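Asker: sequence first, then the predicted structure:
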Amino acid sequence: MADAPLPQPISPTSPASADDAPLFAPRKQIYPQAVKGRFRTIKWIVLAITLGIYYFLPFIRWDRGPNAPSQAILIDLANGRFYFFFIEIWPQEVYYLTGLLVLAALTLFLMNAVAGRLWCGYLCPQTVWTDLFYAVERFIEGDRRERMRKDKEKLTAKALAQKTLKHFIWLMIAWWTGGAWVLYFSDAPTLVYELATFQASFLAYVWIGILTFTTYTLAGFMREQVCTFMCPWPRIQAALTDEYALNVTYRYDRGEPRGSMKKNEVLRKQGLPAGDCIDCDQCVAVCPTGVDIRKGLQLDCIQCGLCIDACNNVMAKIGRPSDLIAYDTDMNVKARMDRQPEVRRIVRPRTLFYVGIIAVVGAIMIGSLAMRQSSYLSVMHDRNPLFVRLSDGSIRNGFTIRVANKNLDERRYALTINGLSHTKLDIVGGEIDQEGRAVLLVGPDQTLEARVLITSEAIVLPSSTDLHFTLTDLTSGDVARMNDHFKAP
């Protein structure tokens, strides 16, 4: 048997083996081309509205009275308050925040059930700020072809000046983004003055620096990588979608077989199959993530609709019907190929379920806000000891009470305790009136903590007796109640 030939080493010019192939494909620079059309206009409108709200909302004033901040939306961490126009949320009302998060999640699910990644394509902060950065880049350095040409050529003084100006404007946008964020946590005009005169707290400058860096990096450099690799929503929405959800779809029943415009015209005259797609690649050129939508629905696609505008512009030039790319479903594409009627079911059990849950959660939150009281009572029994036997044989229990006055003026409250007869009430932090009630004075929008001592003159008592604490606002008559227990041997 002849000896097997020895393996030859791979030369530097030889093709690499499969084992030597890189694990990750290198990043391809994407140069999205500007496009005009219906969906691009919608994106500009959404961008203007969302950024206008974000940047200028902290400066809107709302008169709440002399003892409350006048900023319409304010997250007052120092005092544990969240102000939203006429609504004031206290720390113990964190369930309202939970309700808002539930509503946000359900709205996101509903949007996905109706038309796929609408959030990603139009409302996501990453999309909005990246669009703004792209607009600055095009205005200074030119559109797709000009930017590609400049990046290939040797850097000139003009190109360097353009890039410097571009990055300066990017940094200013990112800086104002971070600055606007901290304005939601303090009085905006005051904080702007303090920031400008370097009198603001060190923490404010730190957060502005962090958000400036993240905005500049994510919107200026990482861009589509955030949507493709960092964001979990594409993976989640893929599990939530169904066959009726509208997505940006290449209608291959119309587009295939592809070919040049002249070739396809010849085929049509001969009665042979010819698609409307002329393989111009404009749908790829305008895509902010570099997706070729003709390959089908892909994880990278953010469903922004710019490829629809680009394709419609081409179809108008070559005299073919619009919407070769449109919000559609693969199910409808196959139905048209089989000469079957299309099915569009926006209203279906899935969407009705989401709408119903949103309505229920929203109604609960609105009802809770409408019926919530302006006073809050908390009672905590002493843990150690649970009770004390005095020298005369009577039993005393100690309680710590906390009274919250959510009104914007000073209020007097009366505390009464029922459930146990022949008792004596003492309070530290208040006074006892002639009727035997504990009276407390609580400042506007403040919380008062007091110590209550209840002494029973009875020598024989059950080991636990129910107590009913009633707090009455002597101004408005509002009542807050809390139950606890009187402990005995």
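Answerer: Cool, the structure landed. Note that the structure is a prediction, hence the values are computed from the model and not measured.

Asker: how about the strands in the stretch 1-150 of the chain?
Answerer: Per DSSP state E, counting those that start in this stretch, the stretch 1-150 of the chain has strands spanning 73-76, 81-84, 87-89. These are given in chain order.

Asker: for the ones you listed, which one sits closest to Cys307?
Answerer: Of all these, strand 73-76 sits nearest to Cys307, with 36.8 Å by C-beta to C-beta. For every residue, glycine as well, the C-beta is placed using N, CA and C.

Asker: so how far is the closest one from its chain's centroid?
Answerer: From the chain centre to the centre of strand 73-76 is a distance of 17 Å (C-alpha atoms, centre = their mean, to the nearest Å).

Asker: and for stretch 281-292?
Answerer: 27 Å.

Asker: next: stretch 454-465.
Answerer: Here stretch 454-465 shows a centroid-to-chain-centroid distance of 54 Å under the convention C-alpha atoms, centre = their mean.

Asker: tell me which residues of that stretch are tucked away?
Answerer: Of the residues in stretch 454-465, those scored as buried under the neighbour-count criterion (16 or more other C-beta atoms under 10 Å) are Ile454, Thr455, Ser456, Leu461, Thr465.

Asker: measure Pro349 to Asp242 for me?
Answerer: With distances taken as C-beta to C-beta, to the nearest Å, Pro349 is found 10 Å from Asp242.

Asker: for the stretch 201-350 of the chain, just list every one of the strands.
Answerer: 247-250, 325-328.

Asker: is it fair to say Ile454 lies in a strand?
Answerer: Yes. Counting by DSSP: H, G, I helix; E, B strand; the rest coil, Ile454 is located in a strand.

Asker: need the contact list for it.
Answerer: By C-beta atoms under 8 Å, 6 or more residues apart in numbering, Ile454 lies in contact with Arg396, Asn397, Gly398, Phe399, Ile417, Leu420, Thr423, Lys424, Leu425, Asp426, Leu467, Phe486.

Asker: the fourth one: neighbour count?
Answerer: By the other C-beta atoms under 10 Å criterion, the neighbourhood of Phe399 contains 20 residues.

Asker: what sits against it?
Answerer: By C-beta under 8 Å, 6+ apart, the contact set of Phe399 is Val379, Met380, His381, Asp382, Arg451, Val452, Leu453, Ile454, Asp484.

Asker: about what we covered before: dump the strands of the stretch 1-150 of the chain into JSON lines; add mean neighbour count, mean pLDDT and distance to Arg235 as well.
Answerer: Converted to JSON lines, those look like this (neighbours: other C-beta atoms under 10 Å; pLDDT from 0 to 100; distance: least, C-beta to C-beta, whole Å):
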{"stretch": "strand 73-76", "mean neighbour count": "18", "mean pLDDT": "91", "distance to Arg235": "31"}
{"stretch": "strand 81-84", "mean neighbour count": "17", "mean pLDDT": "89", "distance to Arg235": "32"}
{"stretch": "strand 87-89", "mean neighbour count": "17", "mean pLDDT": "86", "distance to Arg235": "33"}
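
Asker: nearest to Leu165, of these?
Answerer: strand 73-76 (33.9 Å).

Asker: any idea how far the residue sitting nearest the centre point of the chain is from Thr98?
Answerer: Centroid-nearest residue in the chain: Ala104, 7.3 Å away (criterion: C-alpha atoms, centre = their mean). Applying C-beta to C-beta, the value for Ala104 to Thr98 is 11 Å.

Asker: who touches stretch 204-222?
Answerer: Stretch 204-222 is contacted from outside by 126, 129-130, 132-133, 167, 170-171, 173-175, 177-179, 181-182, 186, 191, 194-195, 226, 230, using C-beta under 8 Å, 6+ apart.

Asker: going through the residues you listed, which ones are buried?
Answerer: A residue is treated as buried here by neighbour count (16+ other C-beta under 10 Å); on that basis the buried members of the contacts of stretch 204-222 are 126, 129-130, 132-133, 170, 173-175, 177-179, 181-182, 186, 191, 195, 226.

Asker: among those, name the ones in helices.
Answerer: 126, 129-130, 132-133, 170, 173-175, 177-179, 181-182, 191, 195 (DSSP state H).

Asker: farthest pair within the residues you listed?
Answerer: Using C-beta to C-beta, these reach their maximum pairwise distance at Thr130 and Leu191, which is 27.6 Å.

Asker: out of Pro349 and Asp242, which sits in the busier spot?
Answerer: Taking neighbours as other C-beta under 10 Å, Pro349 and Asp242 compare with Asp242 leading, 12 against 8.

Asker: my guess is the more buried one contacts Val114. True?
Answerer: No. Because the distance of 11.0 Å does not satisfy C-beta atoms under 8 Å, Asp242 is recorded as not touching Val114.

Asker: read off the pLDDT value for Gly296.
Answerer: According to the predicted model, the pLDDT of Gly296 comes to 87.

Asker: if you could redo that for Arg254, that was the one I meant.
Answerer: We note a pLDDT of 90 for Arg254 in this prediction.

Asker: how close does it sit to Asp330?
Answerer: Distance from Arg254 to Asp330, counting by C-beta to C-beta: 14 Å.

Asker: and for Val46?
Answerer: Shown here: Val46 relative to Asp330, a distance of 27 Å by C-beta to C-beta.

Asker: and what of Val35?
Answerer: To Asp330, Val35 is 25 Å away according to C-beta to C-beta.

Asker: do Arg117 as well
Answerer: According to C-beta to C-beta, Arg117 stands 16 Å off from Asp330.

Asker: domain assignment for this protein?
Answerer: 38-238, 242-337, 375-487 (automatic domain parsing).

Asker: need those domains in JSON lines with distance to Leu369, can you?
Answerer: Shown next, in JSON lines, are the domains of the chain (distance: least, C-beta to C-beta, whole Å):
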{"stretch": "domain 38-238", "distance to Leu369": "7"}
{"stretch": "domain 242-337", "distance to Leu369": "33"}
{"stretch": "domain 375-487", "distance to Leu369": "12"}
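
Asker: quick check: which of these is buried the most?
Answerer: domain 242-337 (a mean of 17; mean count of other C-beta atoms under 10 Å).

Asker: gap between the two ends of that domain?
Answerer: With C-alpha to C-alpha, to the nearest Å as the measure, the first residue of domain 242-337 is 21 Å from its last.

Asker: now do that domain: distance to the chain's middle.
Answerer: Going by C-alpha atoms, centre = their mean, the spacing between the C-alpha centre of domain 242-337 and its chain's C-alpha centre is 32 Å.

Asker: got any ranges where this protein has weak pLDDT?
Answerer: 1-27, 459 (pLDDT under 70).

Asker: let's go with 50 and repeat that
Answerer: Within the chain, the stretches with pLDDT under 50 are 1-2, 4-17.

Asker: beta-bridge partners for the closest residue to Phe387 other than its chain neighbours, please?
Answerer: Distances taken as C-beta to C-beta, 6 or more residues apart in numbering put Lys487 closest to Phe387, at 4.6 Å, once the chain neighbours are dropped. Each beta-bridge partner of Lys487 is listed here: Ser464, as defined by DSSP bridges.

Asker: give me every residue that touches Lys487.
Answerer: In this structure, Lys487 makes contact with His381, Leu386, Phe387, Asn397, Ser463, Ser464, judged by C-beta under 8 Å, 6+ apart.

Asker: grab the two from the residues you listed that are most spread out in space.
Answerer: Across those, the longest distance by C-beta to C-beta is 13.5 Å; it joins His381 and Ser463.

Asker: now the helices for the stretch 51-200 of the chain?
Answerer: In order along the chain, the stretch 51-200 of the chain carries the following helices (DSSP state H, counting those that start in this stretch): 95-115, 118, 125-141, 144-152, 157-183, 188-196.
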